[in-house]
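Asks: Okay, predicted coordinates and the sequence, questions at the end:
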Amino acid sequence: MRRRNVMGLAAASALGALGLTTARAEAQSAVKPGARASALVQIVDTSAPQVDISKDFVVGTRAALQDLNLKGGLHGKPLLHQTLEVDGSAASLKAAVESIKANSQAIAVLGTVGDHAASQVSDLLRRELPDIAHVAPWLQNARLDTGDNTFAIFASRQEQIAYAVKSLAVMGVQEIGAIYGSPAEVANYRDDVEQTAKSLKLSCKNYGPVADLQQLGRSLLPDTPRILVFMGGTPELIQFVQGIDKQESLRYVISMSDVNLQTLQQMATSRHAAVIATQVVPLVTAQLPLVKSYRDTLARLFDEPPTPQSLAGFTAARFCIEVLGTVEGSLTRANTLQAFQRRISIELGGFKADPDAKRRGTAYVTQSMISSDGRVIS
């Protein structure tokens with residue numbers, strides 16, 4: 001069985017198990033007896049390219065909300081966490097939105113994940129359900145028209161690329177290469193990469209998609225740019241880096257925030273490639289109050305290691321909780337949407353969530369580099 005299939009099955013099984021555990025935990029939380037629960041609905045793409053990221057993001061979201069309910073809920077009332085699993089297809093995403101329309105408990109859509117699902121759901125909600133807030137989705141595309149009901153708080157793909165490339169500018173970089181793991185990445189991300197390169201006054205060479213990414217890595221020519229932006233998932237990146245290992249020249253491979261850093265550390269080490277993984281949240285080892293709270297909550301409630309993606313899910317939920325705390329009276333779709341439309345900038349213990357409509361989220365990016373000997377350098 002291919003590695004991606006194994007990863008997908010394992011993560012999907014874990015996601016399902018988490019759903020059962022959380023339902024019981026929330027039912028036993030320390031909320032006032034008889035309090036009516038409001039629901040935050042999370043649309044989760046469990047297709048093979050996304051499931052490893054989705055699973056971690058959901059764990060973080062669930063940890064924050066479960067912790068809240070165990071401590072008494074929001075103003076004494078529970079906030080239920082309901083997940084809708086989709087396969088990434090247009091039909092499944094549309095069906096998920098239709099089910100939210102009929103869900104009288106649903107006051108907001110929280111933390112849609114992964115990137116493709118977040119983009120499609122933002123568009124569907126803008127057109128078909130504009131009266132519900134779409135809060136802190138895993139949205140990477142800054143050029144998407146999200147209307148007035150999506151509230152992004154994470155740095156865009158363009159900002160991630162710019163941050164990583166600028167950090168290597170001391171090397172006298174004049175051009176970058178862009179590697180695409182599949183035709184979908186070309187269709188979705190090529191314009192982003194090229195426009196970001198242009199804004200940095202760099203030329204850009206595009207490579208792929210090809211059926212054999214290892215072969216692409218092996219066949220890079222001496223004039224291939226030393227800095228390569230990789231657009232694709234974790235398994236594809238591993239294949240590409242394993243191919244680079246046959247090269248003689250050192251390459252810097254920049255991956256986006258939707259790759260699994262732990263898996264890369266184990267399987268994507270190469271004598272001739274340094275992998276730089278951007279992240280849209282603080283480092284999971286940081287001593288910031290938000291990250292300390294995340295690590296403590298995760299350790300108490302779940303047997304899961306800290307990851308950037310679950311920290312992002314935790315951060316999304318904490319931002320949502322803070323804004324909901326400003327609503328007076330019972331929560332409804334209408335007053336919830338109004339609260340988010342004020343687009344309040346909120347300090348979350350070291351991470352500033354700024355859902356500004358023009359900036360499309362917070363320009364907060366960190367990065368970790370996996371060196372050629374497998375060490376993580378932050």
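Replies: The structure has been received and is ready for your questions.
Asks: which residues sit in contact with residue 284?
Replies: With contact set as CB atoms under 8 Å, 6 or more residues apart in numbering, residue 284 has these partners: 291, 294, 295, 306, 307, 308, 311. For glycine as for every other residue, the C-beta is placed from the backbone atoms N, C-alpha and C.
Asks: ok, now with 6 Å
Replies: 306, 311 (CB atoms under 6 Å, 6 or more residues apart in numbering).
Asks: What of residue 220?
Replies: With CB under 6 Å, 6+ apart, residue 220 has these contacts: residue 247.
Asks: got it, and the one 5 residues further on?
Replies: Residue 225 is in contact with 175, 176, 177, counting by CB under 6 Å, 6+ apart.
Asks: Quick one: buried ones out of those residues?
Replies: 176, 177 (16 or more other CB atoms under 10 Å).
Asks: From the contacts of residue 225, pick the one nearest residue 318.
Replies: The closest of the contacts of residue 225 to residue 318 turns out to be residue 176 (CB to CB; 34.7 Å).
Asks: how much space between the closest one and residue 253?
Replies: Here residue 176 is placed at a distance of 11 Å from residue 253 (CB to CB, to the nearest Å).
Asks: Could you do residue 350 as well?
Replies: For residue 350 relative to residue 253 (CB to CB), the value is 28 Å.
Asks: quick one: the residue nearest the centre of the chain from residue 115, how far?
Replies: Note on the chain: the residue nearest the mean C-alpha position is residue 138, at 4.2 Å, using CA atoms, centre = their mean. Separation of residue 138 from residue 115 (CB to CB): 6 Å.
Asks: neighbour count winner among residue 350 and residue 253?
Replies: Neighbours per residue (other CB atoms under 10 Å) separate residue 350 from residue 253, with residue 253 holding more: 25 against 16.
Asks: how about residue 265, what does it touch?
Replies: 370, 376.
Asks: Assumed it was part of a strand.
Replies: No. Per DSSP: H, G, I helix; E, B strand; the rest coil, residue 265 lies outside any strand segment and is helix.
Asks: So for it, what's the pLDDT?
Replies: Note on residue 265: pLDDT of 75.
Asks: now do the one 5 residues further on
Replies: You'll see residue 270 listed with a pLDDT of 68.
Asks: Quick check: the gap between the closest residue to residue 131 other than its chain neighbours and residue 160.
Replies: Spatial nearest neighbour of residue 131, excluding adjacent residues (CB to CB, 6 or more residues apart in numbering): residue 333 at 5.7 Å. Using CB to CB, residue 333 is found at 32 Å from residue 160.
Asks: More neighbours: which of the two?
Replies: Neighbours per residue (other CB under 10 Å) separate residue 333 from residue 160, with residue 160 holding more: 28 against 17.
Asks: In strands only, show me the contacts of residue 225.
Replies: Members of the contacts of residue 225 lying in strands (criterion: DSSP state E): 175, 176, 177.
Asks: of all those residues, which comes closest to residue 194?
Replies: For the ones in strands among the contacts of residue 225, the nearest to residue 194 is residue 176 (10.0 Å; CB to CB).
Asks: Count the residues that sit near the nearest residue to that closest one once chain neighbours are set aside.
Replies: Leaving aside its sequence neighbours, residue 176 sits nearest to residue 227 (CB to CB, 6+ apart; 4.8 Å). Residue 227: 20 surrounding residues under other CB under 10 Å.
Asks: which residues touch residue 227?
Replies: So residue 227 contacts 168, 173, 176, 252 (CB under 6 Å, 6+ apart).
Asks: Export those as TSV, with columns for secondary structure and distance to residue 90.
Replies: Listed next are the contacts of residue 227 as TSV, based on DSSP: H, G, I helix; E, B strand; the rest coil; distance: CB to CB, whole Å:
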residue	secondary structure	distance to residue 90
168	coil	38
173	coil	39
176	strand	32
252	strand	36
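Asks: Top of those by number of neighbours, please.
Replies: Of these, with other CB under 10 Å as the count, residue 176 tops at 24 neighbours.
Asks: Quick check: residue 227 vs residue 125, distance?
Replies: Taken as CB to CB, the span from residue 227 to residue 125 is 37 Å.
Asks: Can you name the next helix or strand after the helix or strand harbouring residue 120?
Replies: Assigned by DSSP states H and E, residue 120 belongs to helix 115-128. Per DSSP H and E, the first helix or strand lying C-terminal to helix 115-128 is strand 133-135.
Asks: Parallel or antiparallel, which strands does that next one pair with?
Replies: For strand 133-135, the paired strands and their directions (DSSP bridges) are strand 106-110 (parallel), strand 150-151 (parallel).
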